[in-house]
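Student: Got a predicted model here, sequence first, then my questions.
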Number of protein chains: 2
Amino acid sequence: MFYAKSIAVVGASPDARKLGHTILKNLIDGGFKGELYPINPKADEILGKKVYRNLIEIEGEVDLAVIVVPSKFVPSVLEDAGKKGIRNVVIITGGFREIGGEGEKLENELLEIAKKYGIRVIGPNCQGINNTHNSMCASWPLITKKGKIAIISQSGTVSAAFADWLEVENFGLSCFVSLGNKSDVNEVDLIEFFSNDENTKVISLYIEGVKDGRAFMNVAKECKKPIVVLKPGVTERGKKAVESHTKSMAGRDEVFEAACKQAKIIRARDFEEFYDFSKALAYLPKLDGNRVLIVTSSGGAAILAIDVLERHGFNVIYTPEELKEKLREVTPAHAILDNPIDLTGDANAEMYKDVIELSIELSQDYVDAILVVLGDPIEGASEVIEQCWNEKPIVVCYTGGGEVEREETKKMQSKEIPVFSTPERAAKALVALRWYYG
Amino acid sequence: MFYAKSIAVVGASPDARKLGHTILKNLIDGGFKGELYPINPKADEILGKKVYRNLIEIEGEVDLAVIVVPSKFVPSVLEDAGKKGIRNVVIITGGFREIGGEGEKLENELLEIAKKYGIRVIGPNCQGINNTHNSMCASWPLITKKGKIAIISQSGTVSAAFADWLEVENFGLSCFVSLGNKSDVNEVDLIEFFSNDENTKVISLYIEGVKDGRAFMNVAKECKKPIVVLKPGVTERGKKAVESHTKSMAGRDEVFEAACKQAKIIRARDFEEFYDFSKALAYLPKLDGNRVLIVTSSGGAAILAIDVLERHGFNVIYTPEELKEKLREVTPAHAILDNPIDLTGDANAEMYKDVIELSIELSQDYVDAILVVLGDPIEGASEVIEQCWNEKPIVVCYTGGGEVEREETKKMQSKEIPVFSTPERAAKALVALRWYYG
């Protein structure tokens, strides 16, 4: 499915406004290296590719068929796929279980055909799949930047927003999977797959309901990678909306919450945590304990972080005397050397470098992570963080730095260094690491 | 103080790296319309302005003196100010109570001089003041965009970040006040002042401690405008850091929390809420009840908002039949008309317009606010929102829209329409309105 070498787009269209055009175009523009077979009975060539009338006509092997034809034609396409020996299908088309009645019947029909031929189906009623590491954007929008996070989602918008934030911050994606109606392939199969996918470091899951709780628990427990989950429908009214949206049952939230704790699933309370936790777990090193040192140019921003850290069981240690003595040599007299180490408003990049380097060197035994707050327009901060990067997490918050902040943040992101825009978000990134690494 | 017509900058410097230069420059570049008197015994002209040796030498009246000279010279400058009849002083210089010992003595000395002459003092150890409505940026960075929010802060970085976010979103500031050591003027005086300042609609306060709890409560209760507060030091370790940062006593958080409830102060739990709540209260209309209608193109995003709304006592009503019937005429068959009204992924601006207009027209009696989720790249959304803007709050979340989202968001912000980047942040904006308007 995700490492297909040949793809048929059934319902490929010459009309640029149609999804059947967009998907073929994104596969081409995304640089897919395998064979592409557009299927359309009424066209000869689309986007420079030879068009086939149906799947049977194709001579070579086809690893994956992406289906975009109207719902009533989907069963016959699936029959063709089965006969052609295609074992992986993504059905974009909507108008199935989600509309009830006839749609539900049609979806059951699909499932029977798929079963008969041993075809695995993603969808229907979904937004496709994308594996950047296979240059395979069978989805929209076009995302090509290779990253470490796989996003699996029951909401097109949630995953689009997630991917967009990753793109803006230059992290990219490993894979994107739109679950749609989950008629066949669901979160359980995908967690299992991504647990073994070498290009994926974190699995980020937006779901509104879990079909098989026990299977979900088992696969999550076995998973070799962090799973970050955003699952709404916590309130009664939210549950109603879930039913109306994806016909899922949100279930009792306490049960899901307990399952997450047991299976070490990182649960995000909102979209922003969903994104931040994923980013932290994908791009920060392993955290080995709860002792944090804070290096800052802003007392206020550091205190905002401390409240979050304390509430979540972190130990904001007091600076060891040995380190304090050394720090005195490289900091101005008015700097505060208790933790937070507050370099105050006239801090510069060099000062940060000296302090962070000494802290790493002299606090091997009593510090597990360093939270760096760049609370002023500190030029050159990105180089310092890059140079100091090591096997213990350095979590960066850049705030109050205006244009300099934006430039330096971009530089860090280009090196895959995560930057957080508020002290609380940076602190919560550490919380996510702690939840996962224990 | 804030509407000064003539300002002396004591310690104005020809050296562009010094604060005494920056402040004079920001006053000039910010377009201050009154008289400016740089004071420096060793220069004749700075930035094209005639320089005076001391305050006494100035012939005209001086409404405000901004002092940037080293701490040991501050008392004599204050004496001069008193003799010259200056009644308002901002002391930027640090090295007073915050360093203990000698600094504390020096600060007491200042206070005695100020008392003798009836001078009001902001600072010392602060980042100045800025009143955009008087084109008076006696602070840094230079901020000139006129807005409705006054920020009062005990942290330079927190206020700088706050102002920066407002600037990026094109809202601007009404005033900025850096509290510094609060030797004389404190949050109580400032709340009283801004309560009557016609250019200020919301007072946003970052404080680490309140000196006089009773006075604070009284002035907050009397205040004619929303007060949004961010006050860290909630945890034990946070309180320690507060002491070390501003020598403030954070106090028992339950006491402060109760006081906020009683005085209708909107308390933000983190920096982002601090910003969002302020923006919502400054730029959204009054909220008259708890009944919300959601118009969305994304079921998932809407559910994320619903969970927040429900948790905070909102009533996400079910769409009245009368409205549903009318909506059927302007929406595609697959749209879901229960609340959330889900136009699904093929929604466009016109559809949003029809639905929002009908909702406003037909739900006068059962809806108090509309939450609009633009969950796709909806072009022209900004015009729709602008046209529909009315006396009931329309809270906009734009998410998952990529470049189109960024462009449309900018357009809305240029019309002072607040846009939130996640459904939860939009929902919490409504929560803030509800806390204030009851």
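Tutor: Okay, I see it.

Student: domain ranges for chain A?
Tutor: Under the assignment automatic domain parsing, the domains of chain A span A:6-122, A:145-283, A:291-437.

Student: Output the ones you listed in JSON lines; the columns should cover mean neighbour count, distance to B:Val177 and mean pLDDT.
Tutor: Just so you know, the C-beta spots here come from the backbone N, C-alpha and C atoms, and that holds for glycine as well. Compiled in JSON lines, the domains of chain A are given as follows (neighbours: other CB atoms under 10 Å in any protein chain shown; distance: least, CB to CB, whole Å; pLDDT from 0 to 100):
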{"stretch": "domain A:6-122", "mean neighbour count": "19", "distance to B:Val177": "52", "mean pLDDT": "96"}
{"stretch": "domain A:145-283", "mean neighbour count": "21", "distance to B:Val177": "30", "mean pLDDT": "94"}
{"stretch": "domain A:291-437", "mean neighbour count": "21", "distance to B:Val177": "15", "mean pLDDT": "95"}
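
Student: could I get the ones you listed as a markdown table with distance to chain B?
Tutor: Formatted as a markdown table, these follow (distance: least, CB to the nearest CB, whole Å):
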| stretch | distance to chain B |
| --- | --- |
| domain A:6-122 | 7 |
| domain A:145-283 | 3 |
| domain A:291-437 | 3 |
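
Student: could those go into JSON lines alongside distance to B:Ile266?
Tutor: Listed next are the domains of chain A as JSON lines, based on distance: least, CB to CB, whole Å:
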{"stretch": "domain A:6-122", "distance to B:Ile266": "40"}
{"stretch": "domain A:145-283", "distance to B:Ile266": "19"}
{"stretch": "domain A:291-437", "distance to B:Ile266": "17"}
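
Student: and the longest helix for chain A?
Tutor: Of all segments of type helix in chain A, defined using DSSP state H, the longest is helix A:101-117.

Student: Who are the packing partners of that helix?
Tutor: Judged by 3 or more CB pairs under 8 Å, 6 or more residues apart in numbering or on different chains; DSSP states H and E, the packing partners of helix A:101-117 are helix A:74-84, strand A:120-122.

Student: Tell me which residues are up against the longest one.
Tutor: Judged by CB atoms under 8 Å, 6 or more residues apart in numbering or on different chains, the contacts made with helix A:74-84 from elsewhere in the structure are A:10, A:54-56, A:58, A:62, A:65, A:67, A:69, A:89, A:91, A:93, A:106, A:109-110, A:113-114, A:116-117, A:119, A:124.

Student: Ok, the last one next?
Tutor: Residues from elsewhere that reach strand A:120-122 (CB under 8 Å, 6+ apart): A:1, A:87-91, A:110-111, A:114, A:129, A:177-180, A:183-185, A:189.

Student: give me that answer again for 10 Å
Tutor: A:1, A:64, A:66-67, A:78, A:81, A:87-92, A:107, A:110-111, A:113-115, A:128-129, A:138, A:177-186, A:189-190 (CB atoms under 10 Å, 6 or more residues apart in numbering or on different chains).

Student: The helix or strand that comes right after it - what's its average pLDDT?
Tutor: Once strand A:120-122 ends, the next helix or strand along the chain (criterion: DSSP states H and E) is strand A:128-131. Average pLDDT, strand A:128-131: 96.

Student: quick one: is strand A:128-131 near chain B?
Tutor: No: Strand A:128-131 stays clear of chain B (CB under 10 Å from any CB of the partner chain), getting no nearer than 12.4 Å.

Student: Who does the next helix or strand after that strand pair with, and is each partner parallel or antiparallel?
Tutor: Note on strand A:128-131: by DSSP H and E, the next helix or strand toward the C-terminus is strand A:136-139. Paired with strand A:136-139 in the same sheet, following DSSP bridges, are strand A:128-131 (antiparallel).

Student: helix, strand or coil for A:Val372?
Tutor: Taking DSSP: H, G, I helix; E, B strand; the rest coil as the rule, one finds A:Val372 in the strand state.

Student: I figured it was touching A:Ser382, is that so?
Tutor: No: assessed by CB atoms under 10 Å, A:Val372 is found out of contact with A:Ser382, at 11.5 Å.

Student: Common neighbours of these two, please.
Tutor: Common neighbours of A:Val372 and A:Ser382 (CB under 10 Å, 6+ apart) are A:Val396, A:Tyr398, A:Val419.

Student: quick one: what helix or strand has the first one in it?
Tutor: If I follow you right, that is A:Val396. Element membership for A:Val396 (DSSP H and E) is strand A:394-398.

Student: Can you give the distance of that strand from its chain's centre?
Tutor: 20 Å (CA atoms, centre = their mean, to the nearest Å).

Student: again, but for stretch A:71-83
Tutor: 32 Å.

Student: Send me it as CSV with only the CA atoms.
Tutor: Provided in CSV are the C-alpha atoms of stretch A:71-83 (Å, rounded to 0.1, in the frame of the first residue of the first chain):
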residue,chain,number,x,y,z
SER,A,71,-20.1,5.7,-5.7
LYS,A,72,-22.3,3.5,-7.9
PHE,A,73,-19.4,2.6,-10.1
VAL,A,74,-17.1,1.6,-7.2
PRO,A,75,-18.2,-2.1,-6.9
SER,A,76,-17.5,-2.9,-10.5
VAL,A,77,-14.1,-1.1,-10.3
LEU,A,78,-13.3,-3.2,-7.3
GLU,A,79,-14.3,-6.4,-9.2
ASP,A,80,-11.9,-5.3,-12.0
ALA,A,81,-9.2,-4.7,-9.4
GLY,A,82,-9.7,-8.2,-7.9
LYS,A,83,-9.5,-9.8,-11.3
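
Student: For chain B, see how far away A:Thr144 is.
Tutor: As judged by CB to the nearest CB, to the nearest Å, A:Thr144 and chain B stand 14 Å apart.

Student: Could you grab the helix/strand/coil label for that residue?
Tutor: Going by three-state DSSP: A:Thr144 is coil.

Student: show me the contacts for it.
Tutor: So A:Thr144 contacts A:Asn26, A:Asp29, A:Gly30, A:Gly31, A:Asn130, A:Thr132, A:Ser135, A:Met136, A:Cys137, A:Glu167, A:Gly172, A:Leu173 (CB under 10 Å, 6+ apart).
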